[in-house]
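> can't give you the sequence, but here's the structure:
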């Protein structure tokens, strides 16, 4: 019986569909005012002589509603005539945004809204647009913004829309806290993030405002920091809790560091037609890092090496799949290199760059239209755009077309690139203050502009720099700068000077981990002395002109440029006079080595040596003579070590220091804002070329002590206590030194 009823139902449904099937001989449209009949018929996708049924009518009805031109649509067919009756939506005549002063921001808001002027008005879209605007305002720190909307009906079936925005006060970060299994002290973690606590003197800083993009950036910085330290499986969560009766928030980073992982086994699978000899260097690198503490930067270096090999072998179509397998505290890697499908890049379309020029963006890309599509180079191009720090977000969408062509859509969201900054400090050497303006995307070409004024106890310095990225398509930046410095050291060193200098410089990676930094400068300087200066110093009074070429070579094998725990950095610098009134040749070499035998116990050693000697018959200018840096020879007053001419410390022709220091993680372990180090310093400043009667002060100085770094509500405070073991009779000692700094 059930089967019988089921068959009858199917027959009735079939007959029903047949009965509704009808051929359209004509189409009539009613109710339209602005849209033509032809346009409405095209929206329905029904044509004369179509054989239609209920399903086709339903699809046509859906098409007409989805066009967003109609508030009501009715369809019926009678005697082979399809009747379409519509009621058109009003047209948005004008959109007015109140409460926003910036005309550019108003235009940006209008661009992202779904409702547009001269387009149909759908009341359902108002709520969506309000939510969109509120989210954007929150991302800028306006967490308490409110938006009221009003609709004005015009007689010609048009409407005016008014969005009245009350942004309110920007949400300020009152406190920043780090909780959970964080392994490191708050002081260190706070130095990694960009967000700041909103103190009353932070009147220039934008980092005090709660900003979703900044918080996400901080989470990435923290994640990278932990992964550099071996915490492969770290998780960073954040939460906000509003402070009662205020527009302030606590920013809380909940950290689950997990355990330290190490590199395990590496397995490299390459295609049969690849030359295995080309991979010897890569295999050697994999063998070297096996067993080392995990560091995500080592993975990046491996992928860079694979890219170089593919270029050397002229292999354009290659993919690298990296498979990670965790076993106990080891991360094993399988790297599969394989020939990829031969796909070429068709178009690269760029969206969202309202300020940044398309030329600059394309210059940042390693890939170009017409190139073979290479996944490794594509990812590096995206990362290069992100590293420019000009964009809040960089999103890429790839889609294939016919004939092995892949188009790429790049959607960018720009961010503010200018800032005003100020900082102040007070310490043993006196007070200091600096203020400046910086712009990183001048004229939309990624050009960097910076002007800065620095004031200290004995000097005033003003500077302006102009940095051109990708100078002459060399993929190297070029910085031009102008500097003026007035220094008054009459009391302690017997002279004062006025220096004006212009320079051109650059820095780039010449070889792997080897950086070359050339510089050319032209300067004029005027030296003055007082009545108490020695006759030898008085002879140096006058004006000097100098043109020199300088350079430095650095070999950097540190695991991180910020707070390294392993590796070393070695640097050599030289200044060569080209055109000069008193030519002097300057040379220096330094090396710093870092080792972490147990967790958080970081031992560092450093060596520095410098020399300056005349290449003419003139004496080395007093302002060019060398002094031991106070950070490398603690326990002595800054600049008051070495040769002394009468009452003036005149510096030496030679300087050298050796330092040994270690963190002391098990002292004050529960104090989140204090770090402690022990140190031993050795140093020497000697050599007086302008006089045979002045003691050249060739004697090893030494000291040892403790250094403290305390994070205070005002800013970082560093202080040290040192006991001097050996010194020259003329040296001036100073057991206690401190420095407190802050930004505004």
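That came in fine, so what should we check first? Note that this is a predicted model, so its numbers are computed, not measured.

> Against residue 413, how distant is the residue lying closest to residue 201 once chain neighbours are set aside?
The shortest distance from residue 201 to any non-neighbouring residue, by Cβ to Cβ, 6 or more residues apart in numbering, is to residue 744 (5.8 Å). Bear in mind the C-beta positions are built from the backbone N, C-alpha and C, glycine included. Taking Cβ to Cβ, to the nearest Å as the measure, residue 744 falls 28 Å from residue 413.

> Please apply the same query to residue 351.
10 Å.

> And these two? Which one has more around it.
A direct count of neighbours by other Cβ atoms under 10 Å for residue 351 and residue 413 places residue 413 higher, at 15 against 12.

> That one contacts residue 352, correct?
Yes. The pair residue 413 / residue 352 is scored as a contact, 5.7 Å apart, by Cβ atoms under 8 Å.

> quick one, domains of this protein?
According to automatic domain parsing, the chain is divided into the following domains: 2-88, 91-166, 172-256, 262-339, 344-414, 417-422+433-493, 423-432+505-743.

> would you list the ones you listed in TSV and tack on distance to residue 499?
Shown next, in TSV, are the domains of the chain (distance: least, Cβ to Cβ, whole Å):
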stretch	distance to residue 499
domain 2-88	67
domain 91-166	41
domain 172-256	29
domain 262-339	39
domain 344-414	32
domain 417-422+433-493	5
domain 423-432+505-743	5
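
> Columns mean pLDDT on top of the ones you listed, output as a markdown table?
Formatted as a markdown table, the domains of the chain follow (pLDDT from 0 to 100):
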| stretch | mean pLDDT |
| --- | --- |
| domain 2-88 | 76 |
| domain 91-166 | 86 |
| domain 172-256 | 85 |
| domain 262-339 | 80 |
| domain 344-414 | 86 |
| domain 417-422+433-493 | 89 |
| domain 423-432+505-743 | 89 |
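
> what residue lies at the spatial centre of this protein?
Note on the chain: the residue nearest the mean C-alpha position is residue 389, at 4.7 Å, using Cα atoms, centre = their mean.

> Break down this structure into its helices, ranges please.
All helices of the chain, identified by DSSP state H, fall at 2-20, 37-44, 54-66, 103-112, 124-139, 186-192, 212-228, 280-289, 296-312, 358-364, 375-387, 490-493, 535-538.

> Which residues does the third one contact?
It stands for helix 54-66. 17, 20, 40, 43-46, 50, 70, 73, 75, 77, 84, 86 (Cβ atoms under 8 Å, 6 or more residues apart in numbering).

> Swap in 7 Å and give it another go.
For helix 54-66, the surrounding residues in contact (Cβ atoms under 7 Å, 6 or more residues apart in numbering) are 20, 43, 44, 45, 46, 70, 73, 75.

> ditto for the second one
Under the criterion Cβ under 7 Å, 6+ apart, residues 27, 29, 32, 60, 63, 64, 67, 84, 86 lie in contact with helix 37-44.

> okay, those residues in CSV with distance to residue 531 and neighbour count next?
Shown next, in CSV, are the contacts of helix 37-44 (distance: Cβ to Cβ, whole Å; neighbours: other Cβ atoms under 10 Å):
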residue, distance to residue 531, neighbour count
27, 107, 19
29, 103, 18
32, 99, 17
60, 102, 21
63, 96, 15
64, 97, 22
67, 92, 18
84, 104, 24
86, 99, 22
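
> how close does residue 640 sit to residue 147?
Counting by Cβ to Cβ, the gap from residue 640 to residue 147 is 64 Å.

> same check, this time on residue 121
Distance, residue 121 to residue 147, using Cβ to Cβ: 17 Å.

> try residue 55
From residue 55 across to residue 147, the span is 42 Å (Cβ to Cβ).

> These two: which is more packed in?
Taking other Cβ under 10 Å, residue 55 and residue 147 do not tie; residue 147 has more neighbours (19 against 10).

> isn't the more buried one right up against residue 132?
No. Here residue 147 lies out of contact with residue 132, judged by Cβ atoms under 7 Å, at a distance of 10.2 Å.

> Strands of the stretch 351-500 of the chain, start to end?
Here the stretch 351-500 of the chain has its strands, by DSSP state E, counting those that start in this stretch, at 391-401, 405-414, 418-427, 430-442, 447-456, 459-468, 478-489, 495-505.

> In JSON lines: those strands, plus distance to residue 666.
Shown next, in JSON lines, are the strands of the stretch 351-500 of the chain (distance: least, Cβ to Cβ, whole Å):
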{"stretch": "strand 391-401", "distance to residue 666": "42"}
{"stretch": "strand 405-414", "distance to residue 666": "46"}
{"stretch": "strand 418-427", "distance to residue 666": "28"}
{"stretch": "strand 430-442", "distance to residue 666": "34"}
{"stretch": "strand 447-456", "distance to residue 666": "37"}
{"stretch": "strand 459-468", "distance to residue 666": "41"}
{"stretch": "strand 478-489", "distance to residue 666": "43"}
{"stretch": "strand 495-505", "distance to residue 666": "44"}
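
> Of all those, which one is nearest residue 375?
Nearest of these to residue 375, taken as Cβ to Cβ: strand 391-401 at 9.7 Å.

> And the strands in the stretch 551-700 of the chain, which stretches?
Under the criterion DSSP E, counting those that start in this stretch, the stretch 551-700 of the chain contains strands at 567-580, 584-598, 601-614, 644-645, 648-649, 654-663, 674-686.

> just these: most buried one?
When neighbours are counted by mean count of other Cβ atoms under 10 Å, the highest per-stretch mean among those falls to strand 648-649, a mean of 24.

> same for that one, what does it pack against?
Helices and strands touching strand 648-649, by 3 or more Cβ pairs under 7 Å, 6 or more residues apart in numbering; DSSP states H and E, are helix 490-493.

> Of all the residues in the helix it packs on, which ones are buried?
Buried residues in helix 490-493, counted by 16 or more other Cβ atoms under 10 Å: 490, 493.

> ok, residues contacting that helix?
Residues lying outside helix 490-493 but in contact with it, judged by Cβ under 7 Å, 6+ apart, are 496, 530, 639, 640, 648, 649, 650.

> Pull out the buried members of these.
Neighbour-count burial (16+ other Cβ under 10 Å) applied to the contacts of helix 490-493 gives 496, 639, 640, 648, 649, 650.
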